[in-house]
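Enquirer: Pasting a predicted model and its sequence here:
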Amino acid sequence: MVAQVATVTLGYMQYKQQGAAGKYNQSIQERNAKIAEQEAAQIDKQLEFDIARFDQKVDQLQGQTTVRIAKTGAALDEGTGLRILRANAEEAEKEKNIIEYNAKIGQARKFEEANFSRIQGQVARNAARSAQIGTIVQTGTSLLKMGGYSPGKTGGERQYTDY
């Protein structure tokens, strides 16, 4: 009887420990997912800052270009001067699109990282549940063997052993 109580107690303790480990591992992965989502939000804020700074630099460049063109005496509303300003503006727009695209790719990676972390957390939790089921089965099998039951007999016959 003492052996059976010890088996049940140890089995229960192992069961609880496995559940706690699964929950803990899942919580770590959930934390990792939240961090990745925060990093994605930070990428968006950084994008706003980078675009604003880029726009300032473009405005400064266009201003310098306008002054240089004006010093040559060329007209700004036609010809070469206008083409230069327009080309600068088009190039700036392309660069801005690249900056935005790269930021969106970075965000997508972070969101995917968050999703993967959540999946890993669920896998860890499910692995713990499987281990718990194995513990229950193992404990039950041990108790049955202690009670004299032998699964090898046909017809559910019990085999009794001397202790």
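Expert: Cool, the structure landed. Residues are numbered from 1 along each chain as shown.
Enquirer: Would you check that residue 85 makes contact with residue 61?
Expert: No. Look at residue 85 against residue 61 with C-beta atoms under 8 Å: they stay out of range, at 10.0 Å. Quick note: C-beta positions are derived from backbone N, CA and C, even for glycine.
Enquirer: So for stretch 84-92, what gets flagged as buried?
Expert: 84-85, 92 (16 or more other C-beta atoms under 10 Å).
Enquirer: whoops, I mixed them up, stretch 130-145
Expert: Applying 16+ other C-beta under 10 Å to stretch 130-145 flags 131-132, 135, 139, 142 as buried.
Enquirer: Using CSV, list the CA coordinates for that stretch.
Expert: Provided in CSV are the C-alpha atoms of stretch 130-145 (Å, rounded to 0.1, in the frame of the first residue of the first chain):
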residue,chain,number,x,y,z
SER,A,130,1.5,14.8,-23.9
ALA,A,131,4.1,14.3,-21.2
GLN,A,132,1.4,14.6,-18.6
ILE,A,133,-0.7,12.0,-20.3
GLY,A,134,2.3,9.7,-20.5
THR,A,135,2.8,10.2,-16.7
ILE,A,136,-0.8,9.3,-16.0
VAL,A,137,-0.6,6.2,-18.2
GLN,A,138,2.8,5.2,-16.6
THR,A,139,1.4,5.8,-13.1
GLY,A,140,-1.7,3.8,-13.9
THR,A,141,0.3,0.9,-15.4
SER,A,142,2.5,0.8,-12.3
LEU,A,143,-0.5,0.7,-10.0
LEU,A,144,-2.1,-2.1,-12.0
LYS,A,145,1.1,-4.1,-11.9
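Enquirer: Could you give the average pLDDT over it?
Expert: Averaged over stretch 130-145, pLDDT sits at 88.
Enquirer: related to what we said a few turns ago, in CSV: the buried residues of stretch 130-145, plus distance to residue 102 and secondary structure.
Expert: Listed next are the buried residues of stretch 130-145 as CSV, based on distance: C-beta to C-beta, whole Å; DSSP: H, G, I helix; E, B strand; the rest coil:
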residue, distance to residue 102, secondary structure
131, 43, helix
132, 45, helix
135, 49, helix
139, 55, helix
142, 59, helix
